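1. Model the following, please.
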Amino acid sequence: MSLGQHLGELRRRVIIAAIALVVGMVVAYFLTDWIIAAMTEPIRIVAERRGDDPDAIVRLMYSTITGPFDMRLRISFVVGIILSAPVWLWQLWAFLMPGLTRKEIRYTIGFVSAAVPLFFAGCYVGWWIMPHIVELMATFSAEGSVNLYEAKYYYDFVFKLILVVGISFVVPVFLVALNLAGIMSGKAILRSWRVAVIIAVAFAGLAPPAAELVSMLLLAGILIVLFFAAAGLSMLFDYRRSKRAAAELGPLA
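-> Now for the predicted structure:
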């Protein structure tokens, strides 16, 4: 294909992906009431716990006239991206696939098959620990104080937290990808286990409240297991590569 044909193909696939995103946003808009109710549940819990204090107000606050619509639009956009993911991922894959070798296609399929479930699992864990963080931070408020959570900031906090935890679950897959690319060996990944364990424990300690030791240990355990699984898989790939290289050099020797 010529450069013009490639650009035409790219434009066609971008348009299809954009249409899928718009459809996903429309569908997601009708789910915003449920999503906002789930997001603000921790605020209601804090308000109920402080209900005996008439001066303590806990509310979600909109600081602008268009704030409520802006929040629904932001939620619709994020959820729309998730709902339309099968379409735009396929369009991206279909555009890149003709230029990939058979081996690269196999690696890509394996990478996506592992990364996508892990990412969504991480997002679920982030959604699970989010209420604990809100409740924990509210305990530091002085008696009789007012907790007014600005809606835009609250939205950014929730979705950034979910995104960070989701990406942290995918990091081991990137380590395996670096190994397959020949950038890092399995032994090099394994040698950094102390740093990985410290980071996992520190992250898990900051995520759920300190009182919930089980939640902290569970999250840290998941991250540590994923890291060692990535190191073990990388070492297995290294062993297979060295064995295959030895077999190819054997007849020549």
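
2. need the contact list for the residue most central in space within the chain.
-> Central residue of the chain (Cα atoms, centre = their mean): Gly166, 2.2 Å from the mean position. Listed by Cβ atoms under 8 Å, 6 or more residues apart in numbering, the contact set of Gly166 reads Phe119, Phe120, Gly122, Cys123, Gly126. From N, CA and C alone the C-beta is placed, and that goes for glycine too.

3. same check, this time on Val165
-> Contacts of Val165 by Cβ under 8 Å, 6+ apart are Gly122, Cys123, Val125, Gly126, Ile129, Ala207.

4. Against Thr40, how distant is the first one?
-> In other words, Gly122. Gly122 is 22 Å from Thr40, where distance means Cβ to Cβ, to the nearest Å.

5. what about Tyr149, which SS state?
-> strand (DSSP: H, G, I helix; E, B strand; the rest coil).

6. which SSE is the nearest residue to it once chain neighbours are set aside in?
-> Nearest residue to Tyr149, sequence neighbours excluded (Cβ to Cβ, 6 or more residues apart in numbering): Leu60, at 5.3 Å. Assigned by DSSP states H and E, Leu60 falls within strand 58-61.

7. Output that strand as PDB, nothing but the C-alphas.
-> C-alpha atoms of strand 58-61 as PDB (Å, rounded to 0.1, in the frame of the first residue of the first chain):
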ATOM      1  CA  VAL A  58     -20.400  15.900  54.700                       C
ATOM      2  CA  ARG A  59     -21.500  16.600  51.100                       C
ATOM      3  CA  LEU A  60     -20.400  16.400  47.500                       C
ATOM      4  CA  MET A  61     -20.200  19.900  46.200                       C
END
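
8. picking that back up, in helices, which of the contacts of Val165 fall?
-> In helices, defined here by DSSP state H, the members of the contacts of Val165 are Gly122, Cys123, Val125, Gly126, Ile129.
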